[in-house]
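Visitor: Need coordinates for the following:
(chains A and B)
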There are 2 protein chains.
Amino acid sequence: MAGQARVLYDFEGQPGTSELSIVTGEVLTVTSKDVGEGWWEGSNQRGVSGIFPAAYVEAIEQNYNAPPAMPPPPLPQIYVEENVAPAIQQQQSQYDDDWDDDWDDDVSEANQGSNPGNPAAGGRSNSDVGSALDVNMAGLKLGDGKGTVRKNLNRFSHFVKTGGEAYILGANKVTSTDSDQIHIIETNNGITWAPNPQPYSCVVASPKKESKLKGLKSFIAYQLTPSLNNIQVSRRYKHFDWLHERLVEKFCIIPIPPLPDKQISGRYEEQFIERRRLQLQSFVSRVCDHPILSRSDVWLHFLTCTDAKRWKTGKRKAEKDEVIGAAIFGVVQVPEKSLDPLQLDSQTEAFGRFVQSFDTAVRMMQSNFAEQVKRQQGPYKRDYQRVGQSFRTLGTAMELLETAPLTRALSHTADTYDQIALLCEDQPRLDFEPMGDLLHDYRGLLASFPDIITVHKGALQKRRELERSASEGKTESTVVVRAQQRTDVVSYTLLAEMSYFHQQRVHDFNVAAKIFLQEQITYYQKIVDHLQSTLSQYKDV
Amino acid sequence: MAGQARVLYDFEGQPGTSELSIVTGEVLTVTSKDVGEGWWEGSNQRGVSGIFPAAYVEAIEQNYNAPPAMPPPPLPQIYVEENVAPAIQQQQSQYDDDWDDDWDDDVSEANQGSNPGNPAAGGRSNSDVGSALDVNMAGLKLGDGKGTVRKNLNRFSHFVKTGGEAYILGANKVTSTDSDQIHIIETNNGITWAPNPQPYSCVVASPKKESKLKGLKSFIAYQLTPSLNNIQVSRRYKHFDWLHERLVEKFCIIPIPPLPDKQISGRYEEQFIERRRLQLQSFVSRVCDHPILSRSDVWLHFLTCTDAKRWKTGKRKAEKDEVIGAAIFGVVQVPEKSLDPLQLDSQTEAFGRFVQSFDTAVRMMQSNFAEQVKRQQGPYKRDYQRVGQSFRTLGTAMELLETAPLTRALSHTADTYDQIALLCEDQPRLDFEPMGDLLHDYRGLLASFPDIITVHKGALQKRRELERSASEGKTESTVVVRAQQRTDVVSYTLLAEMSYFHQQRVHDFNVAAKIFLQEQITYYQKIVDHLQSTLSQYKDV
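Guide: Predicted coordinates:
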C-alpha cells in the first residue's frame, strides 16, 4: 500500500546504509510498508529514496472527496495467530452470528494452511469474506488515525456521536442497576475513582495448543486464573478481541489497554509465544487493576464464565448493554462540589499538551528500542563473533607449531566471545523488549485520550451555549443548572481518569526503568564475568 | 589507483549496506583504494559493486612482460607526517645528498602546505622529483608484494641477489672487526642468539613540534632516552626511516620491526600523536630487545649520537658498510655441531606453513579489529546516544506536568547513556587499537620471513649441488666441506631467529591478550557502575 507520509520527527540516516535522512514537515512518497518491522521505504521530494522508521512519519490519509460523517467504531487490532486469509476470518466472527457456533465448534485456521484440499476447513462463503473485508478496511483506516494523537484532537463530532450532547441536554434515559454505579471521590490526592473494595488479580498461564475434531481443528488457548475464585478459564485471542470491543464501546471515558499488535512470529516460536503471553498478562492486569473496568459485568463474565450456555447469555447481554458511550455518565456518582470551568479549561489543555508530547516520546523510544533489538540480534552479535573468530584463527595458526598454554587461552577467549555473542542476541528479550511492550501499552492508552478530551470539551461548550441562551432568556435556568451538574459529572470522570492514568504512569515507568536497568546491569556484569574467567586462562602462559 | 585483486578470504557484506560479499579466489576489479581506512571499492565479475576490506584481498600485480630480474631493495614505508607531495620528498632525501644539509637546515614540509606562495619551501627540481618517483614506485610495488607471504616463497633469486650464493661458494671476502661478530649458542632451549650481555631499553617521550628559521620550518621530533647512557637524543621520522633502511639492508636474516604505517591523522590530533609515539616506542623496544639488532653500530649511532658532525661521519660509514646482505654470515660464529639437512628441510617447511597461516590470522584479526574500532566510534556510540535520547525525551514530556523523582531519574538515565556513549567511543584507544598496533608489527615481521626462508633454501640447494658435483669428481671435497660448514652457518642463523621469533610471539600475544581483556573488563565494569548509579536514582520514586 503506497501513499504519502508527512515527517513528524527528524531522522538522520546512517551513511553507507540505505537509510534515508528525513526532516520534520517534509512529505515523502511511500513505496513500501513491507520493509520489515518498523521501517518503511520511500523517496523524498528531491527524488532520493531509502528506508526510514515508520514511527517518525504520519501517513497522509487519502481524501475521499469528503471526510466520513462518523468515524467507524474502533476495531481491535488484527491477530496473526488466528488468521490465515489475512485478517478476514477473525474480523468476520465478530460481525456475523457464528460466534456461538464457533465457541462450540471451532474452525481451525491453523489447519487451513496445511490442508488446502479440505473444503470443510475453509467453511465460509465468498460473500461473507467480502463484507468482512469492508469492515476490516475501515478498521485499518482508523488504526492509522489512532497512531497519531494530533489528528484526533480536532475530531469534535465524537462528542455528539457518543451521545455526550444528548446526555448534557438530559435527553437520554438509562435504566441502570445499583451494580452499574460508578463512584468518584475526592481524597487528599485529589479527585479519584472510588477504589475497588475487593481488588483481585489474574494470572495468564502459558498458552496451550488445543485441538478439536480429532486434531482437524487446532488453536491456541490462554489459561486465565483470577484470584477472585481461583477457577481457570480458557480463552482464545478472538475472545479477547470481542471483549476489547465491548470495553471500548462501553467506556468512552476510559482508555482501554490495547491488545498485542499484529506481529510476524519471532525468531523462535517458543519465545514468541512467551512474549505474547506476557503482553496478554499485561492487558489482563491493567483491566484487573482499574477500579472501574475491573468491576464491569462484561469483564467479569469474560473472566469467570466456564459454561458454554451461560457464556452465550452473557455475551448477548453485553452486546445489548445500553449503558455505553456517554450514557455511562448517567451512572456516575460524583462529589457535590461544583467545578470551575475556567480552571478545567486550563487543566485539560495542559493535559492535552502533555498527552501529545508524551505520545511523541513514547513513539520515539519505541522506535529506538525496536531498532536496538534488531542491532543486538544482528550486527552486534556478528561483531562479537568476529572478535571470537579472530582469536580462534590466531590460536589455530599457533597450534600448527604446538599446543601450548597460549593457544589454549586464545581458544578459550574465542569461545568466550562466541558466548557473549549469544548473550547479546538473547538480551533484548530481557530489557529492550519488555520496555517495548510497556511503550506499546502506553501508545494504545494515549491514543484514546484525544477522543476523551473531545467529549469533555464538547460538554463544556454545550454548557456555555446553554448559559448564554439562558442569559438571553431563551432557556430555563433549571435546564442550565442540570446541564451544569451533568457537565461536572463529565469533568469529574475526566479528572478521575487523569489522576488514575498519572498514578499508573509513574508506577509503570518507575518499575519498567528499574527492571530495564537491572537487566542491563546483569547483562554487562555477565560479560565482565565471562571476560574475567578467560583472562585467568592467561596466568599459566 | 585501480587494478585487479584476488580474494584471499570470504567476506560477507552486511545486507542493507554498500558492502560487497566476496568469495575466496574470485577476481575483483578495484575502482578505488581511497574509500577509507581498510576498505577498497570495486566490482565482481557479475558486475555487482561495493566496498570490501582491503585485507581480505591481494592486489594482482601488473605483468610488465617479464618479472624484474632483481627485486628492488625493500624500502621503508611512507610516512604522512613528513610528506606533502605524496611520498616523494621523503624518499628523495634518502637518494640524493641532501641529508646532511637537511640535518642542519630542515625544509619544513609542514609549512609547505600552508605557504603555497613560498618557493623556498618547495626547493626541489623537477628532475629530482622524477627520479624519486621512480624509486617510490618500485617501493610501492614491493610494498604490495610484501603484504602477501605466499608470493615471495618462490622468489628464489633472492638467494643469489643477497650474495648468499657467493657466500656458500666462499667467494666474498669481508673485513670485519671483533665488535661485528655475531654469536649463536646452543642452550636447553635449543639454538639461540647469544644474549646481549648489557641489555638496555629506551624510552620514546612525547614528541615535540620543533621549528627553525623563526618558525618558517617546523617538524615533529621524538625524544629518545636510552638507558645505556641516559642522554636524550631528538629524532625525526625521516631519521627512523633512514635507519630502518640500513637495518633491512644489513640484516637479511632478521625481520626488522616495521615502522608505523602511513596513516591519515586520527580523530583528535593529540590522540593521533600519542598513538604514533606508542608505535615508535614499540619499534624502538623491539630493536633494543633483539640480541643482534640492539648491538649493531648503525642502531647505536642512531640511538646515541648527539653531535651533527659525528652524525655525518657515522651516517656515511653506515652507508658504506660492507657487511650487509649475505655477507653478514661471514661474521656469524656458530656451534661446531653440524646440522642435518633433511631435518632442516622439514623444520623450515613447517615454519613456512606456520608463517603463512599466522599471517592470514594476523591479517584477519587486524581487519576485524579495525572494523570494530569504526563501529564503536560510529554506530555503537550513536545507539547508546539514542537510548539516552529516548529517556531524555520521556523525562522532558513528563516534566510538562511536574518535576518529580521519576523525571529526575529519567534525566539521570539519559545522562548515563550519553556518558556510556562517550566511553564507547573512547574505548578502542585502550583495547582494539593497541592490539591492532601489535598486529601491524607482526604483519611487518612476518612479511620478511619468506625471503629469509628463501635464502636458507638456496644455501641448502647449493650445498646439494656441490655434494653431487663432488660425488661425480667434479668438485674438490675441501670445497664441499667448507660449503657444508657455511650452509650450517646459514641454518644456525635461521634457527636462532626462529627461536627468538617464537619466544617474542608467545610473550607479545600473551601480554597483548591480557591487556586487551583487562581493558575490556574495565570498560564493561564502568558501564555496570554507571548503570548501578543511575538505578539507585529510582529508589526515591
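Visitor: can you tell me which residues contact the one residue in the stretch 201-350 of chain A that gets nearest to chain B?
Guide: Going by Cβ to the nearest Cβ, chain B is nearest to residue A:350 of the stretch 201-350 of chain A, at 7.3 Å. (Glycine included, C-beta is placed from N, CA and C.) Each residue near residue A:350 by Cβ atoms under 8 Å, 6 or more residues apart in numbering or on different chains is listed here: B:400-401.
Visitor: How about the secondary structure of it?
Guide: helix (DSSP: H, G, I helix; E, B strand; the rest coil).
Visitor: ok, now how distant is it from residue A:344?
Guide: According to Cβ to Cβ, to the nearest Å, residue A:350 and residue A:344 sit 11 Å apart.
Visitor: residues from the stretch 301-450 of chain A in reach of chain B?
Guide: Neighbours of chain B within the stretch 301-450 of chain A, by Cβ under 8 Å from any Cβ of the partner chain: A:350, A:353-354, A:357-358, A:360-362, A:364-365, A:368-369, A:371-372, A:375, A:379-380, A:382-383, A:386-387, A:389-391, A:393-394, A:396-398, A:400-401, A:404, A:406, A:409-410, A:413.
Visitor: List buried members of the residues you listed by neighbour count.
Guide: In those, burial by neighbour count holds for A:354, A:357-358, A:360-362, A:364-365, A:368-369, A:371-372, A:375, A:379-380, A:382-383, A:386-387, A:389-391, A:393-394, A:396-398, A:400-401, A:404, A:406, A:409-410, A:413, counting by 16 or more other Cβ atoms under 10 Å in any protein chain shown.
Visitor: Residue A:333 touches residue A:183, doesn't it?
Guide: Yes. In this structure, residue A:333 is within contact of residue A:183 by Cβ atoms under 8 Å, at 4.9 Å.
Visitor: out of those two, which sits in the busier spot?
Guide: residue A:183 (16 against 12; other Cβ atoms under 10 Å in any protein chain shown).
Visitor: my read: that one touches residue A:192, true?
Guide: No. Applying Cβ under 8 Å as the test, residue A:183 and residue A:192 come out as separate, 9.9 Å apart.
Visitor: still on that earlier bit, in strands only, show me the residues of the stretch 301-450 of chain A next to chain B.
Guide: Judged by DSSP state E, the subset of those located in strands is empty.
Visitor: Please name the residues that touch residue A:361.
Guide: Counting by Cβ under 8 Å, 6+ apart, residue A:361 touches B:390, B:393-394, B:396-397.
Visitor: any idea which of these is closest to residue B:251?
Guide: Nearest to residue B:251 out of the contacts of residue A:361 is residue B:390 (Cβ to Cβ; 58.6 Å).
Visitor: Enumerate every residue touching the closest one.
Guide: A:361, A:364-365, A:368-369, B:414.
Visitor: now for these, which pair is the farthest apart?
Guide: Maximum distance among those (Cβ to Cβ): 14.0 Å, for A:369 and B:414.
Visitor: Give me the neighbour count for the closest residue in space to residue A:183 that isn't next to it in sequence.
Guide: Leaving aside its sequence neighbours, residue A:183 sits nearest to residue A:194 (Cβ to Cβ, 6 or more residues apart in numbering or on different chains; 3.8 Å). Counted by other Cβ under 10 Å, the residues lying close to residue A:194 total 16.
Visitor: from memory residue A:194 sits against residue A:184, does it?
Guide: Yes. With contact defined as Cβ under 8 Å, residue A:194 reaches residue A:184; the gap is 6.8 Å.
Visitor: can you list the contacts of residue A:361 in JSON lines and add pLDDT?
Guide: As requested, those are exported to JSON lines (pLDDT from 0 to 100):
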{"residue": "B:390", "pLDDT": "97"}
{"residue": "B:393", "pLDDT": "96"}
{"residue": "B:394", "pLDDT": "96"}
{"residue": "B:396", "pLDDT": "95"}
{"residue": "B:397", "pLDDT": "95"}
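Visitor: mind listing which of those are in helices?
Guide: B:390, B:393-394, B:396-397 (DSSP state H).
Visitor: any idea which of those is the one closest to residue B:467?
Guide: Ranked by distance to residue B:467 (Cβ to Cβ), these are led by residue B:390 at 78.1 Å.
Visitor: quick one: that closest one from residue A:387, how far?
Guide: Look at residue B:390 and residue A:387: by Cβ to Cβ, they are 27 Å apart.
Visitor: again with residue A:525
Guide: 19 Å.
Visitor: Residue A:284 now?
Guide: Residue A:284 is 43 Å from residue A:387, by Cβ to Cβ.
Visitor: now swap in residue A:518 and tell me
Guide: In terms of Cβ to Cβ, residue A:518 sits 26 Å off from residue A:387.
Visitor: hang on, residue A:517 is in a strand, isn't it?
Guide: No. Under the criterion used here (three-state DSSP), residue A:517 is helix, not part of a strand.
Visitor: Please read off the pLDDT at it from the model.
Guide: Turning to residue A:517, the model gives it a pLDDT of 98.
Visitor: ok, the residue in the stretch 151-300 of chain A that chain B sits nearest to - how many residues close by?
Guide: Nearest to chain B, among the residues of the stretch 151-300 of chain A, is residue A:190, at 12.8 Å (Cβ to the nearest Cβ). Neighbour count for residue A:190, taken as other Cβ under 10 Å: 12.
Visitor: mind giving me the domain split of chain A?
Guide: Following automatic domain parsing, chain A resolves into domains at A:3-60, A:80-151, A:171-334, A:350-538.
Visitor: worst average pLDDT in these?
Guide: Lowest mean pLDDT within the domains of chain A: domain A:80-151, a mean of 33.
Visitor: need the residues of the stretch 51-200 of chain A near chain B, please.
Guide: So the stretch 51-200 of chain A meets chain B at residue A:51 (Cβ under 8 Å from any Cβ).
Visitor: re the thing from before, need the contacts of residue A:361 in CSV (columns: distance to residue A:314).
Guide: Rendered in CSV, the data for those read as follows (distance: Cβ to Cβ, whole Å):
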residue, distance to residue A:314
B:390, 43
B:393, 44
B:394, 40
B:396, 46
B:397, 40
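Visitor: need the contact list for residue A:487.
Guide: By Cβ under 8 Å, 6+ apart, the contact list for residue A:487 reads A:168, A:341, A:459-460, A:462-463.
Visitor: one more time with 7 Å, if that's ok
Guide: A:168, A:459-460, A:463 (Cβ atoms under 7 Å, 6 or more residues apart in numbering or on different chains).
Visitor: now swap in residue A:54 and tell me
Guide: Residue A:54 sits next to A:38-40 when contact means Cβ under 7 Å, 6+ apart.
Visitor: quick one, what contacts the residue nearest to the spatial centre of chain A?
Guide: Against the mean C-alpha coordinate of chain A, by Cα atoms, centre = their mean, the closest residue is residue A:258 at 3.4 Å. By Cβ under 7 Å, 6+ apart, the contact list for residue A:258 reads A:440-441, A:444.
Visitor: how about it, secondary structure?
Guide: When classified by three-state DSSP, residue A:258 comes out as coil.
Visitor: Can you give me the distance of residue A:370 to residue A:428?
Guide: Applying Cβ to Cβ to residue A:370 and residue A:428 gives a distance of 9 Å.
Visitor: just residue A:413 next, same as before
Guide: Counting by Cβ to Cβ - residue A:413 and residue A:428 are separated by 25 Å.
Visitor: next one: residue A:358
Guide: Taking Cβ to Cβ, one finds residue A:358 at 24 Å from residue A:428.
Visitor: Next: residue A:204.
Guide: From residue A:204 to residue A:428 the distance is 22 Å (Cβ to Cβ).
Visitor: Which one's more surrounded, the two?
Guide: Each of residue A:204 and residue A:428 has its neighbours counted (other Cβ under 10 Å); residue A:428 has more, 23 against 20.
Visitor: show me the contacts for that one.
Guide: Residues near residue A:428 by Cβ under 7 Å, 6+ apart: A:373, A:376-377.
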